[in-house]
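Colleague: Below are the sequence and a predicted model for it; my questions follow.
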Amino acid sequence: MKRLICVVGSLVLLAASARAADVEELVRNLNSKDSDVRRAAAKSLGEIGTEAKSALPALVKALKDDDKFVRRFSAQSIGELGVEGKVAVPALTAALKDPAKEVVDAATTALVKVGPDGVQPLTELLRDKKRDLPARKAAAEAFGSMGKDVPKSVLTALTDALKDNEIRIAAVMALGELGPEAKSAEDAITSSLKDNKDRNYRRAAQESLRRIQGKK
């Protein structure tokens, strides 16, 4: 029995060592001259997940890569590392201003995943009417993916956005995605339907109300 435990323990250590070596190699690959190699490295680090936490500085640096897909996969992977927000949030917040939509989408999703610290930058993006519409919609969609225990500030931001003609459909759909967690927004959604002749909005709002109320 003791021998079996020793063997299993040795295998675990070998696997951990192998994974650490993989991470080190992928970090080195982020500096490759070949953009395809850099893309693959950035994506693979996210697939490794929390065991690749040591790659955070390299991924943050890669957010400034010339290749938009390297930047996209880097942002995406940062959200998978399970890291605290002190380093990740400032870097991802800067990525929200990236000219490539793919990068902005990845950064918004990652900010949700890094935890409470990521909420404020997304709230500010959602409210900022000077920002381009796709970026603001991405922020709303990211909030809609939060699931349980949604911060009150998120519900407030989405509810306020119901008054914004440009972003209201994305906002009401995000509230619907949150389901019963968005119960506090029910009255605001109902009120927003009064005298509103926008068919697309009405359809989205009515569907969201059903989801919030737990109806199929």
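Modeller: Perfect, thanks for sending it.

Colleague: how many other residues sit next to Asp149?
Modeller: 7 (other Cβ atoms under 10 Å). C-beta: built from backbone N, CA, C; applies to glycine.

Colleague: Checking it next. Helix, strand or coil?
Modeller: Per DSSP: H, G, I helix; E, B strand; the rest coil, the secondary structure class of Asp149 is coil.

Colleague: what does Val103 give?
Modeller: helix.

Colleague: Run a quick neighbour tally on it.
Modeller: With other Cβ under 10 Å as criterion, Val103 counts 24.

Colleague: So for it, what pLDDT did the model give?
Modeller: At Val103, the pLDDT value in this model is 96.

Colleague: And for Ala55?
Modeller: pLDDT, Ala55: 94.

Colleague: got a list of what the closest residue in space to Val37 that isn't next to it in sequence touches?
Modeller: Distance criterion Cβ to Cβ, 6 or more residues apart in numbering; nearest residue to Val37, sequence neighbours excluded, is Asn29 at 5.2 Å. Each residue near Asn29 by Cβ atoms under 8 Å, 6 or more residues apart in numbering is listed here: 37-38, 40-41.

Colleague: Widest-spaced pair of those residues?
Modeller: Arg38 and Ala40 (7.4 Å; Cβ to Cβ).

Colleague: out of the two, which sits in the busier spot?
Modeller: More crowded of Arg38 and Ala40, by other Cβ under 10 Å: Arg38, with 24 against 17.

Colleague: Next, find the distance separating that one from Leu63.
Modeller: 12 Å (Cβ to Cβ, to the nearest Å).

Colleague: List the contacts of stretch 162-177.
Modeller: Under Cβ under 8 Å, 6+ apart, the answer for stretch 162-177 is 126, 129, 133, 136-137, 140-141, 143-145, 155, 158-159, 161, 182, 185, 188-189, 192, 200-201, 204-205, 207-212.

Colleague: try 6 Å
Modeller: Identification of contacts with stretch 162-177 by Cβ atoms under 6 Å, 6 or more residues apart in numbering yields 133, 136-137, 140, 143-144, 158, 161, 182, 185, 188, 192, 201, 204-205, 207-208, 211.

Colleague: number of nearby residues for the closest residue in space to Arg131 that isn't next to it in sequence?
Modeller: Nearest residue to Arg131 in three dimensions, chain neighbours excluded: Leu125, at 6.0 Å (Cβ to Cβ, 6+ apart). Leu125 has 23 neighbours, counted by other Cβ under 10 Å.

Colleague: now swap in Asp187 and tell me
Modeller: So Asp187, with other Cβ under 10 Å, has 10 neighbours.

Colleague: roughly how far apart are it and Gly79?
Modeller: With Cβ to Cβ as the criterion, Asp187 and Gly79 are 33 Å apart.

Colleague: now do Val119
Modeller: 14 Å.

Colleague: Go through the helices and strands of this protein and name the one with the lowest mean pLDDT.
Modeller: helix 2-29 (a mean of 54; mean pLDDT, DSSP states H and E).

Colleague: which element follows that helix toward the C-terminus?
Modeller: helix 35-48 (DSSP states H and E).

Colleague: Can you report how many residues lie near Ala110?
Modeller: 25.

Colleague: where along the protein do the helices fall?
Modeller: 2-29, 35-48, 56-62, 68-78, 85-95, 101-113, 119-127, 133-144, 152-160, 168-178, 186-192, 199-212 (DSSP state H).
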